[in-house]
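> 3D, please:
(chains A and B)
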Amino acid sequence: MQSQNYDKTKDGVRVRFAPSPTGYLHIGGARTAIYNWLFAKKHKGVFILRIENTDLERSIADSIQGIIDGLNWLGINWDEGPYFQTQYIEEHKRAARRLVESGHAYKCFCTKEELDVKRKAALAAKQSVQYDRTCRRLTSEAIAAKEAQGLPYVIRFKVPEQQGSVCVNDAVYGLIEKQYQDIEDFVILRSDGSPLYLLSNAVDDIRDGITHVIRGQDGLANTPRQILIYEALGARCPVFAHMPLTLDLKKRKISKRTHGELVSVQFYRDHGFLPWGLVNYLVLLGWHTSDDREIFSREELIDAFSLEGIGRANSIFNYTPGDPKFFTDPKALSINSHFLRTLPIEEIAGPVKEDFVTEGIWDPAYDGDKRQWFLSTMDLIRSRFHTFKDFAGLGRAYFSEEFPVDPKALKKRVLKHPDLKNWLPQLADRMEQLESWTLETTEEVVRDFIQGLGVKPGIVINAVRTVVTGQLAGPGIFDVLTAIGKDRVVKRLCGVRELFR
RNA sequence: GUCCCCGUCGUCUAGUCAGGUCAAGGACACCGGCCUUUCACGCCGGCAGCACCGGUUCAAAUCCGGUCGGGGACGCCA
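Residues are numbered from 1 along each chain as shown, chains lettered A, B, ... in the order given. Below you'll find the predicted structure:
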């Protein structure tokens, strides 16, 4: 058998993301996809999406939609696919047969029951639990006889019985050696004729011309066996690069089962993350440059990315359940808010609009006459926000006449000084008479009013902020007043009496 | 039970391959200060770590050995 190289594109980089169809995109999976995607972009290669469903029963369309949606939202675009593993089952079977013919695999007639007994015995004797290779020693007559009886069989891979080992030169973990004697004759085809993952995966990667397999470290232990398959099939091995896993604070693998929605990409979309904020956070879980950069634009990240930067130690998704301040890893939030307050304002207008539409506070004029106002107001308030949900939440008073008043702010900034009940409407009267409504004129009228009262400026100013925005804190008050506008300010200030009830 | 991998601040990590310039640097979080009408932003400062033990060496986070701790793989799962 001659060696066939991956020459799909004259040895250009070809990588793939091969999730199983679970119905949603897991952040760990997203991270794997991101690394592959970055590697492909960096080397101007091809990124393939391949759905690894060997389970024919399931409704594929439904269960892959979540994955596709997640990748699309993140902006991780693929060049080929999605391919489906089920489409290639015949090819996998042919490969298994070919391996039997070439003497690299054999039929095994042992039943599950027999194997179970042996396994238990081995366990009891504290021996390693490997298949004892009974059927490997069957004569061709014995095999023919069993086949004639119609006995079901699986196909097992013949692991070399000599001394020695399989070597993997992992791009991340370095040289990994696995003794032949520590590998059992693993099954590659079930007794019902269907192929197993180890085989299918290798065959698919060979067919797709995959040059670099970038995947989770949980695949590391499979690699020696897959290399045996590659070699037996006469194929050139891809470069393997295993990435460390992401665990929770208790060092458990993160999963939807134990961590819920929090580990799905969808959750971050629903909670106001910018897609790139999530990408930037995820890429830092197990990868780093040797300078101190942590914030990247798309182009910067593609340029900076390399397999050498991938670490070997598992990282932890730093999330504390029930944390009142951080609903997910604080670092994720901080990266997201960094982008939220530094990106050109136009770039966050999109997601904010989408949210406003669902919240029912979108004004079509924000795309027209009020565009400038919309953008500058977002710009004014964004430095305090963590997600774009905050615009319709904490920032609601700027965009809607209906907004809640924070009870803490009300108590501390308004109710504490009963005189405000009269002062604020008086101030509103003065404002009413202003010809122009600018930073300067509003400041002048407010300061003048305060001077007349002879009280500390903060008392009035903070009360105005709370009454006008519903919040304890916010931008400089005169910025707030100009942003919200004379009519609404006056109306809200006069409404202070309501708040005293 | 067998095999493989990993171990630097609470978290993400730089530094480990080519030992000294590391009495260990950055980021997030936390604390304090400045700014200020508030809160953020920004700026300045602080807290906090080489898992442990032994060896090699003039010198070890870095090399070697062991211990402990963590993770992964050992399926007719993917």
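
> which residue does the stretch 401-501 of chain A have closest to RNA strand B?
Nearest to RNA strand B, among the residues of the stretch 401-501 of chain A, is residue A:473, at 2.9 Å (Cβ to the nearest atom of the strand). All C-beta atoms are positioned from the backbone trio N, CA, C, and that covers glycine.

> so that residue: helix, strand or coil?
Judged by DSSP: H, G, I helix; E, B strand; the rest coil, the three-state class of residue A:473 is coil.

> check residue A:166 too.
Taken by three-state DSSP, the conformation at residue A:166 corresponds to strand.

> do you know how far it is from RNA strand B?
Distance, residue A:166 to RNA strand B, by Cβ to the nearest atom of the strand, to the nearest Å: 10 Å.

> just give the nearest non-adjacent residue to that residue, would you?
Excluding the flanking residues, the one nearest residue A:166 by Cβ to Cβ, 6 or more residues apart in numbering is residue A:224, at 4.0 Å.

> helix or strand: which one has that neighbour?
helix A:223-232 (DSSP states H and E).

> re earlier: and the gap between the residue nearest to residue A:166 and residue A:252?
Separation of residue A:224 from residue A:252 (Cβ to Cβ, to the nearest Å) stands at 26 Å.

> more neighbours, these two?
Legend: neighbour count by other Cβ atoms under 10 Å for residue A:224 and residue A:252, higher for residue A:224 (20 against 10).

> returning to what we had before: got the contact list for the residue nearest to residue A:166?
Residues near residue A:224 by Cβ atoms under 8 Å, 6 or more residues apart in numbering: A:166, A:168, A:176, A:178, A:183.

> the second one bridge partners, please.
Yep, that's residue A:168 we're talking about. Beta bridges link residue A:168 to residue A:176, judged by DSSP bridges.

> you'd agree it is up against residue A:223?
Yes. Using Cβ atoms under 8 Å as the test, residue A:168 is close enough to residue A:223 to be in contact (5.0 Å).

> hey, what's in contact with both of those two?
By Cβ under 8 Å, 6+ apart, the residues touching both residue A:168 and residue A:223 are A:176, A:240.

> what about stretch A:223-240 and RNA strand B, any contact?
No. Residues of stretch A:223-240 contacting RNA strand B under Cβ under 7 Å from any atom of the strand: none, with a closest distance of 8.2 Å.

> got the buried residues for that stretch?
Neighbour counts over stretch A:223-240 (16 or more other Cβ atoms under 10 Å) mark A:223-233, A:235, A:237-240 as buried.

> do the same with stretch A:409-417
Buried residues in stretch A:409-417, counted by 16+ other Cβ under 10 Å: A:409, A:410, A:413, A:414, A:415.

> who's in contact with residue A:268?
Residue A:268 makes contact with A:27, A:278, A:328, A:332, according to Cβ under 8 Å, 6+ apart.

> among these, which are in strands?
Within those, no residue falls in strands by DSSP state E.

> before we move on, back to that, quick one: the buried residues of stretch A:409-417 as TSV, columns for distance to RNA strand B, pLDDT and secondary structure too.
Listed next are the buried residues of stretch A:409-417 as TSV, based on distance: Cβ to the nearest atom of the strand, whole Å; pLDDT from 0 to 100; DSSP: H, G, I helix; E, B strand; the rest coil:
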residue	distance to RNA strand B	pLDDT	secondary structure
A:409	9	93	helix
A:410	14	93	helix
A:413	8	94	helix
A:414	13	92	helix
A:415	16	91	helix
